Each structure stands twice: as structure tokens, then as C-alpha cells.
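S.K.: take this sequence and fold it.
(one chain, ligands or ions: 2)
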Amino acid sequence: MLLEIQGLEVHYGSVRALHGADLVLGDRPLAVVGRNGMGKTTLCHGIMGLAKVTAGTITLDGIPLQGLPPHRIAAHGIALVPQGRRLFQSLSVDEHLKLAQRGQGAWTRERIYDTFPRLAERRRNMGNELSGGEQQMVAIARALLANPRLIIMDEPTEGLAPLMVEQVIKVLQSLVHEGNAVLLVEQNLGVALSVADEIAVMVNGVFERRLNANILREDPDLQQRLLGVATQA
Ligand SMILES: Nc1ncnc2c1ncn2[C@@H]1O[C@H](COP(=O)(O)OP(=O)(O)OP(=O)(O)O)[C@@H](O)[C@H]1O
Ligand SMILES: [Mg+2]
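M.R.: Ligands and ions are numbered 1, 2, ... in the order given. Reported below is the predicted structural model:
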């Protein structure tokens, strides 16, 4: 899997939210960090075809994706776990998973229930009856059922209680361990450093720096300088 993004621009009306973002992503997990409003979600939406790309290129294994509609981009093997999870309030867990299931692939509903026992217990509960953490599990499961080659997650731990954050970290680590390509957007640097090998720092619609996670983990001063935050650990 090789995703190459060059000079990506996205506008909302006359406002430019991405200013020529460049990013190369292979099979090793990468986290995108950055403060509020820096363009992280816009990047995810630009890749998925949910926001109109006004300049630049996006290729997956050399195949150009920019300008394609979201369902075609999904068919090329990219799945998005959207910020805010976006479940249906009046569909059950099982109905969400049935809707997401696509053809034959390694991920089936049965495997999801094996991997996320909590979802098996809650399979008949509606979206609005689930905790934030359970909703996030459903959102991740829905993306996995598309059997993607690359899974993009937009702030999967946002708004979750610390115990649930730990559980989501474990899920992400096991996905990485199983060889899934992951692009993780996170404001929680501790989560980003627990999951990704490399960290790309987004500032005002461009990538300002890309660092090895080990280097950033050992250097609270650098964390503070780059992000104005330090990991709690
Ligand atoms: N639909 C929209 N219409 C107009 N402007 C938008 C829209 N969505 C985002 N923006 C603007 O684009 C910029 C980037 O927003 P984006 O949502 O990508 O940031 P983000 O890094 O994901 O922030 P957060 O961490 O809060 O999720 C912000 O200035 C935001 O106000
Ligand atoms: Mg966002």
C-alpha cells in the first residue's frame, strides 16, 4: 500500500483549508496531529472525496484518486472512521454491521464479534443506546467490514473516558500488529505515540514536520514546542 499526496488544496467556498499538503504513507502506521481547526478532518475528507480537492494529487499505488466520488475511492480500498462516529440512532449494532458488510474478505461479522466481544453483547442495542466507546467500536467495525487496504481514523478517542481510550488504543495496536495500514488523526498525543511509528504535525493546512514517534516520545520539550501539549505519561 502506498498513498502519495502532493500539493493538496481544499477550499470551502473562498476559504482555503488545505494549503498544499504533502504526505507519503506506506504500510507503517502514521499519526497526524495538530490543534483544532488545522485541517486534519479536511485532509481525511479530501482523501475520501468528501471535500472537493481544488489542487494537487492523491494516488493509491499510482492510481489517481482526486476527483473521484467517495464510493469509487472506497472501492479502491480506503475506509474512513469519521470524526464523531456518525452512527444511525435507530439502527442496532447488528444492522450497522450488516449494512457495512461487503463481499468476501478477511473481515466478516463473525470475526468482528470475536474481536469485539462487547459488540456481540450489544448486537441488538440501537446506536443511541451505546456508550461513546461502544459507538467508536461500531464505527471502526463498520470500516473494517469494507476490508480496506488503508483505514483512516479521525480522532477515534475524542470525548471518550480514559478507560475507553485505553481500549481503543488496544484495538488500534492490534490492527497495526495484524498488518493493516492505518492513518490515525489524533489530538491526543499519547494515543498517537502508542499506535504510530511516525508523527506528522499539521499546522494551518500544511504538514510542518514529520518525526519518528520514539524521538517525540522521549522529548517533552519538543512536544510542548510543536503542539503546546505534553503526554500525560
Ligand atoms: N464545511 C466547512 N465550511 C467552511 N469552513 C470549514 C468547513 N469545515 C471546516 N472548515 C474550516 O476549515 C479549517 C479546517 O477545519 P478541520 O475541520 O479540517 O480542522 P481539524 O484539524 O479537523 O480540527 P478539529 O481538531 O477541531 O477536528 C477550519 O478553519 C474550519 O473552520
Ligand atoms: Mg477534525
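S.K.: tell me the confidence at the residue most central in space within the chain?
M.R.: Nearest residue to the geometric centre of the chain (Cα atoms, centre = their mean): residue 153, 1.2 Å. For residue 153, the model assigns a pLDDT of 98.
S.K.: touching, it and residue 181? I think so.
M.R.: No: look at residue 153 against residue 181 with Cβ atoms under 8 Å: they stay out of range, at 11.6 Å. Yep, even glycine has a C-beta here, placed from its N, CA and C like the rest.
S.K.: which residues are contacting whichever helix in the chain runs longest?
M.R.: In the chain, with assignment by DSSP state H, the single longest helix is helix 162-177. Identification of contacts with helix 162-177 by Cβ atoms under 8 Å, 6 or more residues apart in numbering yields 29, 115-116, 131-133, 136-137, 140, 144, 151, 153, 156-157, 160, 182, 184, 188, 191, 194-195.
S.K.: 6 Å instead, please
M.R.: 29, 133, 136, 156, 157, 182, 191, 194, 195 (Cβ atoms under 6 Å, 6 or more residues apart in numbering).
S.K.: from those residues, which land in helices?
M.R.: 133, 136, 191, 194, 195.
S.K.: mind picking the lowest-pLDDT entry from the residues you listed?
M.R.: For the ones in helices among the contacts of helix 162-177, the pLDDT minimum is residue 133, 92.
S.K.: roughly how far does the closest residue to that one other than its chain neighbours sit from ligand 1?
M.R.: When the adjacent residues along the chain are set aside, residue 133 lies closest to residue 164, with 3.2 Å between them (Cβ to Cβ, 6 or more residues apart in numbering). Using Cβ to the nearest ligand atom, to the nearest Å, residue 164 is found at 19 Å from ligand 1.
S.K.: how far away is residue 164 from residue 135?
M.R.: Applying Cβ to Cβ, to the nearest Å, the value for residue 164 to residue 135 is 10 Å.
S.K.: over to residue 69?
M.R.: For residue 69, the distance to residue 135 - Cβ to Cβ - is 27 Å.
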